[in-house]
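Participant: compute the structure for the input listed below.
(one chain, ligands or ions: 1)
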Amino acid sequence: MIGLRKIRIGVIGGGGFSRASHIVNYKKLNDKVELVALADVNEQIVKQNLDEFGFQYGFTDYAEMLADVELDAVSVCTPNKFHAPATIAALNAGCHVLCVKPPAMTGAEAIAMKEAADKAGKILTYGFNFRHTNEAQILKRFVDAGELGRIYTGRVSALRRSGIASWGAFTNKELQGGGPLIDIGVHMLDLALYLMGYPKPKTIMGVTYQELGNRPLTPTWGGRWDYKNISIEDMATAMIIFENGASLQLETSFIGHMKELDVMNITLHGTEGGCNFSPLSIFQDKHGTLIDITPAYIPDSNAGKSEIETFVNAVSGQGELICTADEGIKVQQIIEGIYRSAETGETVHFQ
Ligand SMILES: NC(=O)c1ccc[n+]([C@@H]2O[C@H](COP(=O)([O-])OP(=O)(O)OC[C@H]3O[C@@H](n4cnc5c(N)ncnc54)[C@H](O)[C@@H]3O)[C@@H](O)[C@H]2O)c1
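Facilitator: From the prediction side, this is the model:
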């Protein structure tokens with residue numbers, strides 16, 4: 001609620017994730033918010049969302065939506081190329097913005113988004129929903145309590161054995177900015193950085209590979225992708241070194257010959273303990289004994305709901321954000337640095 005009235009929500013992009021996560025979770029908060037308007041370039045998708053979720057207005061151009069309808073807050077759920085322009089337009093129209101991950105295509109775009117938020121005096125946050133899992137929040141409490149000590153290195157893994165989404169823009173570099181690195185690697189990289197206190201990057205070496213995605217190999221849940229028209233990497237690896245001396249190794253794939261179908265994990269090493277995100281464990285050496293700490297019970301997470309609730313509460317002045325526009329800039333700069341290093345074959349140095 002803002003004062004005595006409900007928060008008026010607009011949505012830009014009404015595709016798969018928007019419908020499955022943002023819209024349904026706003027719906028659950030209908031005592032606080034109302035779904036007022038939706039814009040999508042696809043007229044049928046606009047109609048489908050209006051019929052199904054009861055938006056009052058639909059548009060095929062988000063600029064018209066922002067000009068014609070009074071809104072308090074906007075979710076941006078388009079392919080990556082449109083995150084920055086749609087977010088900046090919504091902020092300029094006086095709306096708070098929750099933009100799905102990745103923040104943008106480049107670090108410069110993420111900086112422009114933060115500048116627009118500062119100028120408008122509005123909230124800008126990003127949908128890094130893995131932070132909203134109970135596992136991540138348990139780890140954060142242990143890290144904040146000093147149980148890991150100073151975190152000095154770690155490994156970020158976001159790997160699929162054969163999971164290339166065959167719909168939307170996921171194989172199109174022009175629309176998405178890349179493949180697994182910018183799509184799923186960014187989730188686990190953000191989580192590691194969040195637990196490490198978002199250190200400043202110093203140098204990055206990255207390599208990307210296109211070895212398997214351009215072949216008619218066996219698909220899984222993503223269906224038969226268009227292997228003849230794929231412009232993204234299918235695997236990326238990187239070494240990131242931070243100004244404080246800490247480092248992260250990163251590995252991410254949409255397709256690669258390996259045992260597991262899907263790995264979304266981070267491991268961190270600190271002076272007092274280490275941890276594994278999935279399955280959650282903390283490793284220590286205490287009182288002459290090597291011990292592993294594993295929670296006896298972790299409630300099921302509803303990360304999508306928690307992400308929307310956190311945004312709505314922040315908009316109504318009743319809660320703190322857990323992901324900031326500054327963090328969005330850093331993670332985007334690191335992703336861009338990995339791609340730049342892979343392209344040039346050179347180490348990327350940050351100022
Ligand atoms: N866990 C997560 O955080 C998560 C999961 C899935 C997707 N995503 C992100 O959500 C975004 C969308 O992914 P998706 O799976 O919903 O894709 P999708 O293809 O199902 O939906 C994208 C929608 O955006 C619309 N669109 C395209 N250009 C537009 C524009 N200029 N203005 C308005 N609408 C436009 C398309 O018509 C489509 O309906 C991506 O950035 C992706 O990274 C995040």
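Participant: make it CA atoms for all contacts and neighbour counts henceforth
Facilitator: OK.
Participant: neighbours around the residue in the stretch 251-351 of the chain that the ligand sits nearest to, how many?
Facilitator: Closest contact between the stretch 251-351 of the chain and the ligand, by Cα to the nearest ligand atom, is at Gly304 (8.0 Å). If you count neighbours by other Cα atoms under 10 Å, Gly304 ends up with 20.
Participant: could you check how far the one residue sitting closest to the centre of the chain is from the ligand?
Facilitator: In the chain, the centroid-proximal residue (Cα atoms, centre = their mean) is Lys101; its distance is 3.1 Å. For Lys101, the distance to the ligand equals 5 Å [Cα to the nearest ligand atom, to the nearest Å].
Participant: where does the nearest residue to that residue once chain neighbours are set aside fall, phi/psi-wise?
Facilitator: Leaving aside its sequence neighbours, Lys101 sits nearest to Gly127 (Cα to Cα, 6 or more residues apart in numbering; 5.3 Å). The phi and psi torsions at Gly127 (degrees, to the nearest 10) take the values phi -90, psi 70.
Participant: quick one: contacts for Gly127?
Facilitator: Gly127 is in contact with Leu98, Cys99, Val100, Lys101, Glu307, Cys323, counting by Cα atoms under 8 Å, 6 or more residues apart in numbering.
Participant: and the fifth one, how close does it get to Thr252?
Facilitator: Relative to Thr252, Glu307 is positioned 24 Å away (Cα to Cα, to the nearest Å).
Participant: neighbour-wise, which of the two wins?
Facilitator: With other Cα under 10 Å as the criterion, Glu307 and Thr252 differ in neighbour count, and Thr252 comes out ahead with 29 against 26.
Participant: ok, the more buried one touching Pro180?
Facilitator: Yes. Thr252 lies in contact with Pro180 (Cα atoms under 8 Å); the separation is 6.0 Å.
Participant: any common contacting residues for the two?
Facilitator: Ala158, Met235, Ala236.
Participant: buried residues in stretch 340-351?
Facilitator: Arg340, Ser341, Ala342, Thr347, Val348 (16 or more other Cα atoms under 10 Å).
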